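K.L.:
fold the following for me, if possible:
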Amino acid sequence: MWGTHTLAHAQVKHSEERGELLYSTHCNACHTSEVHWRKQKLATDWSSLKAQVRRWQANIGLVWSEEEITDVARYLNAAYYDFSNTGQEDFSQGKKPKQALRKY
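P.N.:
Reported below is the predicted structural model:
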């Protein structure tokens, strides 16, 4: 059980790091940290955070997979929001995340 938890934590950490890379590459030019803490922010929970990531990646013509959207949302959640129910339970149940097909 401990080994599974450690693996799950490592996978989530990798997901956040990958999300940070995607965000810094594609989103930082327009989004400062202010957009994440302002009163009028549109992300108010995990579901709305993922919806905003999905919306904006589509608006700028990116074609991110669901996994990439989740990775960016996890990074933003760890860096700014701290919402609960972030989909991390998928990993804790022994399910492995898909490996990225895209090269960065």
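K.L.:
could you use CA atoms for every contact and neighbour count after this?
P.N.:
OK.
K.L.:
lowest average confidence across helices and strands of this protein, where is it?
P.N.:
Confidence across the helices and strands of the chain bottoms out at helix 89-92, with a mean of 42, counting by mean pLDDT, DSSP states H and E.
K.L.:
how many other residues sit next to V63?
P.N.:
V63 sits with 12 neighbouring residues when counted by other Cα atoms under 10 Å.
K.L.:
assign a three-state SS to it, would you?
P.N.:
coil (DSSP: H, G, I helix; E, B strand; the rest coil).
K.L.:
quick check: it vs N85, distance?
P.N.:
Separation of V63 from N85 (Cα to Cα, to the nearest Å): 25 Å.
K.L.:
and L21, by the same measure?
P.N.:
For L21, the distance to N85 - Cα to Cα - is 22 Å.
K.L.:
what do you get for H26?
P.N.:
The gap separating H26 from N85 is 25 Å, by Cα to Cα.
K.L.:
more neighbours, L21 and N85?
P.N.:
L21 (16 against 10).
K.L.:
quick one: what helix or strand has that one in it?
P.N.:
Taking DSSP states H and E as the definition, L21 sits inside helix 2-26.
K.L.:
now D71
P.N.:
Element membership for D71, per DSSP H and E: helix 66-76.
K.L.:
identify each buried residue in that helix, please.
P.N.:
Using 16 or more other Cα atoms under 10 Å as the test for burial, helix 66-76 gives E68, I69, T70, D71, V72, A73, R74, Y75, L76.
K.L.:
give me every residue that touches the first one.
P.N.:
Spelled out, that is E68. G19, L22 (Cα atoms under 8 Å, 6 or more residues apart in numbering).
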